[in-house]
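this is a predicted model, with the sequence first.
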Amino acid sequence: MKKKSSIPHASKKKLSKWVKIPLGILAAILVILLAYVIYLYAAYHRIPDNQELAVEAPTEQAQTASLTTDQTYSALTYNVGFGAYSPDFSFFMDGGKSSWAKSKENVQSNINGAGNFAASQNPDFILFQEVDLNSTRSYHVNQYDILKDTFADYYSVFAQNYDSPFLFYPLTQPHGKSRSGITLFSRYPVTSSLRRSFPIATTFKKFFDLDRCYSISRVPVDNDKELVVFNLHMSAYGNDDQIRQGQIRMLCQDMEKEYQAGNYVLCGGDFNHDLKASEDDTSEHHSWAYPFPRKELPEHFTFGMDLLSQQEKADLWNTSRNTDIPYDPDASYTVTLDGFIFSDNITMGSYEDLNTGYSYSDHDPVYMEFSLN
């Protein structure tokens with residue numbers, strides 16, 4: 001004979017209701033998460049490799065003569081950090097707080113400040129990285145337009161390296177959708193430019209890293225050769241040994257190809273490697289700041305800083321700060337990620353890491369003077 005339940009029928013219905021509600025909520029959350037993951041993978045795409053880039057002519061009178069071996073030129077590279085990184089800013093992907101810039105006005109102020117500082121150095125070539133076109137994180141400010149206004153008498157080339165789907169992370173301030181890239185400004189005519197896609201992570205990390213690339217821009221020289229300018233931004237958050245090696249190998253092959261063709265090669269940007277550290281350094285490093293393996297460079301190429309004395313190299317201002325905390329000169333981790341590589345048919349004059357105290361970005365610019373042999 002079955003024993004009757006001591007729980008009244010009405011109480012059973014009430015208990016069942018309180019079980020079903022949280023289960024229903026959990027099921028709804030799982031469906032939303034699944035739909036979002038499907039959206040991420042469906043929306044994800046890589047920008048095509050070997051993409052011809054548009055060269056924009058200056059809106060004001062520009063230098064029209066070709067480069068010559070009888071003159072000294074200058075170049076500056078500067079990662080402007082999508083206009084977010086005033087000294088009090090920390091970034092969630094580095095362990096900090098924010099995923100957006102403080103305000104639209106703050107973005108405009110930082111980009112104008114970085115652009116004006118770069119202009120004050122009067123360089124012939126400017127290589128910018130992390131320039132947003134239309135991104136949630138930077139309040140949809142078109143930073144390329146701001147920089148084009150600052151350098152109205154320069155030729156310009158933009159290569160996109162970020163076109164992400166909407167990222168709902170962190171939940172308190174979703175990073176959102178991003179369109180960003182790298183840009184070259186040149187006082188001298190650029191005849192053509194090509195976008196090359198770096199190999200990047202294929203795991204879920206790819207949604208948090210940029211669609212890394214470099215641009216190859218050609219500037220005529222009066223001896224029928226070309227100055228070939230590489231502007232790059234290597235991987236950070238999707239970084240691992242295979243990705244690092246693949247990116248360096250690809251870059252070196254393209255640089256060597258141009259040198260073998262008789263051209264002058266100047267490569268600058270954010271290498272996301274510790275450029276001061278020896279490759280034999282076995283101490284622990286951040287994943288975005290491993291020593292750059294100099295032995296991988298092709299013959300006839302060198303980093304500009306390596307032509308300085310050991311003391312001069314050690315005394316260089318570090319070009320980047322970690323953004324786990326707001327900038328604190330006494331506590332912030334700093335490292336040199338930015339610089340120039342060039343071929344041995346270029347002679348370096350001066351080389352300097354410029355100290356703004358990270359006033360407009362989590363990076364500071366690098367400036368060099370050079371001549372063509």
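Noted; the coordinates are in hand.

from here on, contacts and neighbour counts on C-alpha atoms
OK.

what's the nearest residue to Asp94 if we skip its chain neighbours?
Excluding the flanking residues, the one nearest Asp94 by Cα to Cα, 6 or more residues apart in numbering is Asp324, at 5.0 Å.

quickly find the element holding Ile146.
helix 143-150 (DSSP states H and E).

mind listing residues that contact that helix?
82-83, 108, 111-112, 115-116, 119, 131-133, 156, 183 (Cα atoms under 8 Å, 6 or more residues apart in numbering).

please repeat the previous calculation with a cut-off of 6 Å.
Helix 143-150 is contacted by residues 131-133 when judged by Cα atoms under 6 Å, 6 or more residues apart in numbering.

ditto for stretch 95-111
By Cα under 6 Å, 6+ apart, stretch 95-111 touches 83-84, 90-92, 137-139, 175, 324-325, 360.

that stretch: end-to-end distance?
Length of stretch 95-111, first residue to last, Cα to Cα, to the nearest Å: 24 Å.

look at Ala28 and give its secondary structure.
helix (DSSP: H, G, I helix; E, B strand; the rest coil).

got it, and the one 10 residues further on?
The three-state assignment at Ile38 reads helix, by three-state DSSP.

Leu33: neighbour count?
If you count neighbours by other Cα atoms under 10 Å, Leu33 ends up with 12.

shouldn't it be within a helix?
Yes. Using three-state DSSP, the assignment for Leu33 is a helix.

can you give me the strands in the stretch 151-300 of the chain?
Applying DSSP state E, counting those that start in this stretch to the stretch 151-300 of the chain gives strands spanning 155-167, 176-186, 192-197, 213-220, 226-233, 264-270, 273-274, 290-291.

dihedrals phi and psi, Phe301?
Phi and psi for Phe301, reported as degrees, to the nearest 10, are phi -120, psi 150.

just the buried residues of stretch 271-289, please?
For stretch 271-289, the neighbour count (16 or more other Cα atoms under 10 Å) marks 271-277, 288-289 as buried.

what residue ranges in the stretch 201-350 of the chain are flagged as low confidence?
202-210, 237-239, 287 (pLDDT under 70).

and His286, how far from Met305?
21 Å.

Ala289 against Phe271, yeah?
No. Ala289 is beyond contact range of Phe271, at 8.8 Å (criterion: Cα atoms under 6 Å).

Gln51: what's its closest spatial neighbour, skipping adjacent residues?
Arg195 (5.0 Å).

mind putting the strands of the stretch 151-300 of the chain into JSON lines with distance to Asp240?
JSON lines is the format used below for the strands of the stretch 151-300 of the chain (distance: least, Cα to Cα, whole Å):
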{"stretch": "strand 155-167", "distance to Asp240": "19"}
{"stretch": "strand 176-186", "distance to Asp240": "22"}
{"stretch": "strand 192-197", "distance to Asp240": "17"}
{"stretch": "strand 213-220", "distance to Asp240": "17"}
{"stretch": "strand 226-233", "distance to Asp240": "15"}
{"stretch": "strand 264-270", "distance to Asp240": "17"}
{"stretch": "strand 273-274", "distance to Asp240": "12"}
{"stretch": "strand 290-291", "distance to Asp240": "10"}
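
nearest to Leu372, of the ones you listed?
With Cα to Cα as the measure, strand 264-270 is the member of these nearest Leu372 (7.4 Å).

on that earlier part again, and the contacts of helix 143-150, which is closest to Asp224?
Val131 (32.7 Å).

the closest one: which element?
Going by DSSP H and E, Val131 is part of strand 125-132.

helices of the protein, start to end?
9-43, 104-120, 143-150, 241-260, 310-315 (DSSP state H).

and the second one with strand 125-132, angle?
Taking axes from the mean of the first three to the mean of the last three Cα atoms, to 10 degrees, one finds that helix 104-120 is oriented at 170 degrees with respect to strand 125-132.

helix 104-120 versus helix 143-150: what angle between them?
Using the same axes, to 10 degrees: helix 104-120 against helix 143-150 is 40 degrees.

check contacts around the nearest residue to His363 once chain neighbours are set aside.
Here the nearest residue to His363 in space, its sequence neighbours aside, is Ser320; by Cα to Cα, 6+ apart that works out to 4.3 Å. Applying Cα under 6 Å, 6+ apart to Ser320 gives the contacts 334-336, 362-363.

what count of nearby residues applies to the residue nearest to Gln51?
Counted with other Cα under 10 Å, residues neighbouring Arg195 total 24.

next: the one 3 residues further on.
Here the neighbour count serves as a burial measure; for Phe198 (other Cα under 10 Å) it reads 24.
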